[in-house]
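1. sequence-free structure coming up:
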């Protein structure tokens, strides 16, 4: 089954404790991205990757890191989480350049930073 | 950069009525406009999209219209059903990314 898988689904952590949210897709998509969803703000892109070893900032990259060592995986790293990073996070993948084809979203990760 | 505005933020209709959600965008180079539906606790999923070379596209009870001159596009849902209740997001493309609107929470009351 074609899918994007994120883990964990729920995470509660403390300020400053490094964490990683994993994302994996099995559709051989070149383009992968991370979004955060906050009430009234929609989906805002954090980082994206157009292929292995190619990553770029989205609209809200501060406080986040990503890596793309393999085509199927695109982890999101919070080196020192802060309460303002409490949010619902979605990973997505799509064909091509990512701006003219369907985005397939993961199940979401609800992160709470206390 | 691209900015997408979406209205209304909430919409309540009776079952069987029509619902219309409107979006405007700022980047005249945008040429792809998808709509995503997010049910409660679920991931966003594409329901329909339109490209700039067409003005309207239909898929059963949903349709999208695009006015490139005015830089706005709309989602139309006819004969609404309770299962249409969800948050709907419009988006427009810009260089290597999609920019999403803030979302519309649609409630369809039986």
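-> In hand now; what should we look at? Fair warning: this is a prediction, and the values are worked out from it, not measured in the lab.
2. give me the helices and strands touching the host helix or strand of residue B:57, please.
-> Assigned by DSSP states H and E, residue B:57 belongs to strand B:56-59. Contacts defined by 3 or more Cβ pairs under 8 Å, 6 or more residues apart in numbering or on different chains; DSSP states H and E place strand B:56-59 against strand B:45-51, strand B:62-67. For every residue, glycine as well, the C-beta is placed using N, CA and C.
3. what angle sits between the helix or strand following the last one and strand B:62-67?
-> Think strand B:62-67. Moving toward the C-terminus from strand B:62-67, the next helix or strand (DSSP H and E) is strand B:72-77. Relative orientation of strand B:72-77 versus strand B:62-67 (axes from the mean of the first three to the mean of the last three Cα atoms, to 10 degrees): 160 degrees.
4. who's in contact with strand B:72-77?
-> B:18-25, B:33, B:35, B:48, B:50, B:61-67, B:84, B:88, B:90, B:92, B:106 (Cβ atoms under 8 Å, 6 or more residues apart in numbering or on different chains).
5. got the buried residues for the helix or strand following that strand?
-> Using DSSP H and E, the helix or strand that follows strand B:72-77 in sequence is strand B:86-94. When burial is assessed from 16 or more other Cβ atoms under 10 Å in any protein chain shown, strand B:86-94 yields the following buried residues: B:86, B:87, B:88, B:89, B:90, B:91, B:92, B:93, B:94.
6. got it, and stretch A:88-95?
-> Neighbour-count burial for stretch A:88-95, with 16+ other Cβ under 10 Å as criterion, is recorded at A:89, A:90, A:91, A:92, A:93, A:94.
7. swap in stretch A:50-58?
-> Of the residues in stretch A:50-58, those buried (16+ other Cβ under 10 Å) are A:50, A:55, A:58.
8. around chain B, pick out the residues from chain A.
-> Residues of chain A lying near chain B by Cβ under 8 Å from any Cβ of the partner chain: A:33, A:35, A:40-45, A:48, A:50, A:56, A:58-59, A:90, A:97-100, A:102-103, A:105-108.
9. if we use 6 Å, what do you get?
-> Counting by Cβ under 6 Å from any Cβ of the partner chain, the residues of chain A close to chain B are A:40, A:41, A:42, A:43, A:45, A:97, A:99, A:100, A:102, A:105, A:107, A:108.
10. show me just the buried residues among the residues you listed.
-> Among those, those classed as buried by 16+ other Cβ under 10 Å are A:42, A:43, A:45, A:99, A:100, A:105, A:108.
11. farthest pair in those?
-> Greatest spatial distance among these (Cβ to Cβ): A:100 and A:108, at 24.0 Å.
12. tell me the bridge partners for the residue positioned nearest the centre of chain A.
-> Of all residues in chain A, the one closest to the mean position by Cα atoms, centre = their mean is residue A:34, 2.8 Å from it. Under DSSP bridges, the beta-bridge partners of residue A:34 are residue A:47, residue A:91.
13. since we're on the residue lying closest to residue A:64 once chain neighbours are set aside, how many residues are nearby?
-> Using Cβ to Cβ, 6 or more residues apart in numbering or on different chains and skipping the chain neighbours, the partner closest in space to residue A:64 is residue A:46 (5.2 Å). When counting by other Cβ atoms under 10 Å in any protein chain shown, one arrives at 23 neighbours for residue A:46.
14. I'm done for today, thanks for sticking with me.
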